[in-house]
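J.: Quick one, what's the 3D model for this:
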Amino acid sequence: MRISFDLDDVLFVSPDRFETEPLPPAPFNKLFSERLRKGTRDLIRTLQQQGFEVWVYTSSWRSERYLRALFRCYGIRFDGIVNAQRHLREVQRDRKQILPQKMPGYYRISLHVDDEEVIHENGKRYGFRTLCIREPDEHWAEKVLKEANRIRNLEEKERK
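T.: Residues are numbered from 1 along each chain as shown. All right, here's what the predicted structure looks like:
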């Protein structure tokens, strides 16, 4: 099962409002200004140990190479990354109808974690599952794990 995360205000957060992971060691702490929400490293490792594929799905224009390098500094490796360029190239393509900025179903992503209400509304409209993570919440990682396992169980039942 695949689970994806938005970046801004989900994994990348402001240290003024959220607890964050320690900065990576020098010189990487100068190269990458983004701060990871506290618990991100452990959550992604746990999900991968439990057999989930973990992806990033962002409407950001940050390059895949940049994102892989940034997360490597934190010891995180994603199974897939969809950024704005990839989404436009593979999902929107030459369609005249403008599609939502994220379509996790196109990539067989079973759960997408995001902070934007419009993404959750699009999930209802276009048939993909979302989990809303917005505010500072020390239990956010447990909520993600619980929902990921709930959906995995649902999908296993549907296959039988």
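J.: Only C-alpha atoms from now on, for both contacts and neighbour counts.
T.: Fine.
J.: Need the contact partners of stretch 12-24.
T.: Here stretch 12-24 makes contact (CA atoms under 8 Å, 6 or more residues apart in numbering) with 29, 34-40, 73-74, 136.
J.: And these, which of them are buried?
T.: 34-40, 74 (16 or more other CA atoms under 10 Å).
J.: which one among those gets closest to Gln92?
T.: Within those, distances to Gln92 taken as CA to CA reach their minimum at Glu34, with 27.8 Å.
J.: Off-centre distance for the helix or strand of the chain with the lowest mean pLDDT?
T.: Among the secondary structure pieces of the chain, namely its helices and strands, helix 28-31 has the lowest mean (mean pLDDT, DSSP states H and E), a mean of 84. For helix 28-31, the gap between its own C-alpha mean and the chain's C-alpha mean amounts to 22 Å (CA atoms, centre = their mean, to the nearest Å).
J.: so after it, what's the next helix or strand?
T.: In the C-terminal direction, the helix or strand that comes right after helix 28-31 (DSSP states H and E) is helix 40-49.
J.: I would like the residues contacting that next one, please.
T.: For helix 40-49, using CA under 8 Å, 6+ apart, the contacting residues are 11, 21, 53-54, 74-76, 141, 145.
J.: repeat that with 10 Å
T.: Counting contacts by CA atoms under 10 Å, 6 or more residues apart in numbering, the residues outside helix 40-49 that touch it are 2-3, 10-12, 20-21, 50-55, 71, 74-79, 140-142, 144-145, 148-149.
J.: list the buried ones in it?
T.: Applying a neighbour-count criterion of 16+ other CA under 10 Å, one finds 40-41, 43-45, 47-48 buried in helix 40-49.
J.: Could you save the residues you listed as CSV and add columns showing pLDDT and distance to Gly127?
T.: Written out in CSV, the entries for the buried residues of helix 40-49 read as follows (pLDDT from 0 to 100; distance: CA to CA, whole Å):
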residue, pLDDT, distance to Gly127
Thr40, 97, 27
Arg41, 96, 29
Leu43, 98, 25
Ile44, 98, 25
Arg45, 97, 28
Leu47, 98, 23
Gln48, 98, 25
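J.: tilt between the longest helix along the chain and helix 40-49?
T.: Of all segments of type helix in the chain, defined using DSSP state H, the longest is helix 140-159. For helix 140-159 and helix 40-49, the angle between their directions (axes from the mean of the first three to the mean of the last three CA atoms, to 10 degrees) works out to 20 degrees.
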